[in-house]
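>>> have a look at this prediction, sequence included:
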Amino acid sequence: SQQGEEDPQALSIQEGENATMNCSYKTSINNLQWYRQNSGRGLVHLILIRSNEREKHSGRLRVTLDTSKKSSSLLITASRAADTASYFCASQGGSEKLVFGKGTKLTVNP
Amino acid sequence: DVKVTQSSRYLVKRTGEKVFLECVQDMDHENMFWYRQDPGLGLRLIYFSYDVKMKEKGDIPEGYSVSREKKERFSLILESASTNQTSMYLCASSSSGTGWSDTQYFGPGTRLTVL
């Protein structure tokens, strides 16, 4: 399987805390993307980081990429109950396809 | 606003039935995708299409076929539904114009139950 892996599979934190999710992938990439999925819904794109970038920010999101380790992390700062969702990384190589990981289920308790 | 729609949110079918799942996008995207999502397995690509009448197998095409007669519409067909095809099906689309930095836009999903 070419699927990546997220770590941890599930994460439960209190509102205001930071949440960190990690992702590993298997092949060389052009970019790595993070998506969010609310329960029972479709995925929504959050952020894309290119293979020549090491860090990227968007609002309360911070993504890092280490191509030598084939890994990425997503940090959500000052989490809110509304951040409760599943988060997926997806790697893109030299084609239209994305390879998704299995996701991290984040619960933010009020 | 970007929009991908799927014909049904919930669908219940019987074993052996032919099932059509429809996906429509209004963004003039070249690429369209069908995934299935199962607990603990994440998203797995069934088929994708990069142009009208073009299709390519994904990671798990067995038991499925697809049709793309118009740019905006991509159909997933279960020729003879089986219980192991009970799953959430997600459609997505993306543009080819960004040099392999293709954000995918997803529909809301169809939860299919095969009895």
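Perfect, I can see it now. Numbering: from 1, shown residues only, chains lettered A, B, ... in the order given.
>>> contacts only, for the residue nearest to residue B:91 when sequence neighbours are not counted.
Distances taken as C-beta to C-beta, 6 or more residues apart in numbering or on different chains put residue B:23 closest to residue B:91, at 3.4 Å, once the chain neighbours are dropped. In short, each C-beta sits where N, CA and C put it, glycine included. Taking C-beta atoms under 8 Å, 6 or more residues apart in numbering or on different chains as the criterion, residue B:23 is in contact with B:4-7, B:32, B:34, B:73-76, B:91, B:93, B:107.
>>> what's opposite residue B:23 in the beta bridge?
residue B:6, residue B:74 (DSSP bridges).
>>> show me which pair in the contacts of residue B:23 is furthest apart.
The distance between the two most remote of those (C-beta to C-beta) is 15.0 Å, for B:7 and B:93.
>>> between those two, point out the one with more neighbours.
Counting neighbours by other C-beta atoms under 10 Å in any protein chain shown for residue B:7 and for residue B:93 shows that residue B:93 has the greater number, 29 against 14.
>>> just list whatever residues bridge to that one.
Here residue B:93, judged by DSSP bridges, has bridge partners residue B:32, residue B:105.
>>> contact partners for it?
Residue B:93 neighbours (C-beta under 8 Å, 6+ apart): B:4, B:23, B:25, B:27, B:29, B:31-33, B:74, B:104-105.
>>> quick check, pLDDT for it.
pLDDT for residue B:93: 94.
>>> which of the contacts of residue B:23 scores worst on pLDDT?
residue B:7 (91).
>>> so for that residue, what's the nearest residue that isn't a sequence neighbour?
residue B:22 (3.9 Å).
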